[in-house]
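Undergrad: just coords:
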């Protein structure tokens, strides 16, 4: 199948009738669906980012990093969480590559465990912020932090449900090759998305001003 | 995995034995389609009643105790949101998309049947949450269907307590439902077509649904973003969209938010949404016109390009809904230009529909009447869109009934005409029975002429400066008395059109209960869906063997062929040509 067909095919011509062209794409449906889903999630976060950058240029926006007293000037907690999510991602990466079932099961469990741990640790970061007096509605920067990490965590929880379903099928001996690879890709995607979130949420006001100017929102 | 193997996967089909498994928790795309369609039509009828209530107030101000300023705004809001999202989007994609995609591309079911089932149940949940707001304290939100902040969540707006929260929650659930369904539609079209069904052999219905679904997958996130952020503003007191406000002398807790940001997000979804509704309608109308004019669709390839180009352009015209928000003139210029450019592929489609009719063997069946009616209403609505696309013309007209007339012609009446055309056209396939033609014609003429009686005068009201969204016009000096009498007439026309829909409902119920069995493929259509072994199609659609496709979906009145249509799955050697016809020419 090729998209150039829409420029070249002339299905109305008499010569076109009677042929049975090959329409095989060689791809599994799961791969296509996952790409579309990741495309939609990317747009979701892209739009959040656009509003974030726009909002960051308002007077009342106080970035969470930059000055020594601000919570993410030292973002060690978030680095720990990043490490945990990386482990989750690596576990699934290896799980789809190993040929030993025992090992694969352990790695799948590891992938699920570390992802769940990441969510728990994110909640502890919320508590840390809240205890410092950075409540949800105190400032738009805080609001964005809680909201975006919350939406990201929701996607991880959704992924955990999917992993649970696929894992059960795998244990039952079903052919789950494509589904497991899809889970791994989703995990890697969420890890990269977290890196972008981490970067976006912990910049200084000067960096936001540069990004806003670059996007024409300054 | 090969295409055909995906299309043919029997293993994925579940074979329910119980009534509940077959008709309630069903994973069969046809049952899910009917569930989607029935729910959408049910909720659409509620929205229809709401519109009549609005018209009662406008035609006969202050005559009815049960309509007050608050309830009027609630009717406006719920009518708009239900019609656009919960009726049109759900019926066109969840209903017709689900029913037609597997049958038209030649597969046994959607590629992810379980996800498809979940999609419907999430949709139903979203409808229940939405309707629950009618019973919530304070009633549903009356913020207008665009839900603009800050007023949407400020005291004084109806439904500010729970109504707006339920609305936003319902939208979020709807988007989850749409995403599950949408992933299915796109993947099924791309991956599960039967042998020989190339992209350029697909009926335009599939092209329309496919492109609209991609638009939906990429546009609904904008609505989700705005719904989530507004929920935070409402429930948690954040200030994403809420600026500093002094209400009754008291400063509110919010400060610094940007209401315009919401408008951008909303319309970044809202404009593609117009085409999420329009593109499937374009596709279906193309097929109905072609079948009932016994002629291939004129300019098939151009029609496909137009669908794809309109889909792409629909993402860069959104701010034409915001000319009155006070934007930079260059910004307005850009969006006016893109808006006018999108009229080009749209006009190409209209020309091609008319050219399909030209010298066709036109059968004035009920579906065809609705299809031709659509060409009229869509052209009228489209032409007034050309006016409103220009900033200088839009500014004075924006808050008047001219806009109401425009968008109802182009996006209310027109898709409804297509839906009726489609229901009358595909009813024999879905139910095995044909809707009564006499009642269908009465329904058509009542609806077609009646909607004109409603919306044509509204253009005139708009030119006079009659504002929209107003509960009562009072004795404004610039309005002549004719405004009030015209409003009365419009209300009468609206009530008559609503009553004509009862003829349709009666026709459906009567036909299902007592109507005679329809013959197979009564319209003589060439596309695949009419050529299943059983009509209505059984589970798995295709019996033992999937069909193989040898031609496009529009082989009507082929020169030399004895029959006036050649089904897609008939090989060239089986076509009955007259001596000297195409087959002998080829060999």
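TA: Received it, and whenever you're ready, just let me know what you need. Predicted model only: the values in this text are computed from it and were never measured.
Undergrad: Helix or strand: which one has the residue most central in space within chain A?
TA: The residue lying closest to the centre of chain A (Cα atoms, centre = their mean) is residue A:190, at 2.5 Å. For residue A:190, the host element (DSSP states H and E) is helix A:177-201.
Undergrad: what does the average pLDDT come to for the helix or strand following that helix?
TA: Going down the chain from helix A:177-201, the next helix or strand is helix A:205-215, by DSSP H and E. When pLDDT is averaged along helix A:205-215, the result is 93.
Undergrad: what comes up buried for helix A:205-215?
TA: A:205, A:207-209, A:211-212 (16 or more other Cβ atoms under 10 Å in any protein chain shown). Yep, even glycine has a C-beta here, placed from its N, CA and C like the rest.
Undergrad: wait, which of those residues is closest to residue B:420?
TA: If you rank those by distance to residue B:420 using Cβ to Cβ, residue A:212 comes first, at 49.3 Å.
Undergrad: Was I right to think the closest one contacts residue A:51?
TA: No: contact criterion Cβ atoms under 8 Å: residue A:212 and residue A:51 do not qualify, at 11.7 Å.
Undergrad: anything in contact with each of these two?
TA: Common contacts of residue A:212 and residue A:51 (Cβ atoms under 8 Å, 6 or more residues apart in numbering or on different chains): none found.
Undergrad: The helix holding residue A:190 packs against which elements?
TA: helix A:29-56, helix A:76-95, helix A:101-131, helix A:140-171 (3 or more Cβ pairs under 8 Å, 6 or more residues apart in numbering or on different chains; DSSP states H and E).
Undergrad: what about the longest one and chain B, touching?
TA: Put plainly, it is helix A:140-171. Yes: applying Cβ under 8 Å from any Cβ of the partner chain, one finds helix A:140-171 touching chain B at A:140, A:143, A:147, A:151.
Undergrad: closest to chain B among those?
TA: The closest of those to chain B turns out to be residue A:143 (Cβ to the nearest Cβ; 4.0 Å).
Undergrad: Look at the closest residue in space to that closest one that isn't next to it in sequence and give its secondary structure.
TA: If the residues on either side of it in the chain are set aside, residue A:143 comes closest to residue B:238, at 4.0 Å by Cβ to Cβ, 6 or more residues apart in numbering or on different chains. Residue B:238 carries the three-state label coil when classified by DSSP: H, G, I helix; E, B strand; the rest coil.
Undergrad: Per-residue pLDDT of residue B:238, please?
TA: Predicted confidence (pLDDT) for residue B:238: 94.
Undergrad: Surely it touches residue A:139?
TA: No: contact between residue B:238 and residue A:139 fails when scored by Cβ under 8 Å: they sit 9.2 Å apart.
Undergrad: The two - which one has more neighbours?
TA: residue B:238 (27 against 19; other Cβ atoms under 10 Å in any protein chain shown).
Undergrad: quick one, what contacts that one?
TA: Applying Cβ under 8 Å, 6+ apart, we find residue B:238 in contact with A:136-137, A:140, A:143, A:147, B:229, B:232, B:254, B:257.
Undergrad: Residue B:6 too?
TA: A:29, B:107, B:111, B:191-192.
Undergrad: of these, the lowest pLDDT goes to which?
TA: Ranking those by pLDDT puts residue A:29 at the bottom, with 83.
Undergrad: close enough to count as contact, it and residue B:113?
TA: No: with contact defined as Cβ under 8 Å, residue A:29 does not count as touching residue B:113 (11.6 Å).
Undergrad: more neighbours, these two?
TA: Applying other Cβ under 10 Å to residue A:29 and residue B:113 shows that residue A:29 carries more neighbours, namely 24 against 21.
Undergrad: Quick one: residues contacting the residue in the stretch 351-500 of chain B positioned nearest to chain A.
TA: Per Cβ to the nearest Cβ, residue B:356 is where the stretch 351-500 of chain B lies closest to chain A, at 12.3 Å. For residue B:356, the contacting residues are B:286, B:289-290, B:293, B:295-298, by Cβ under 8 Å, 6+ apart.
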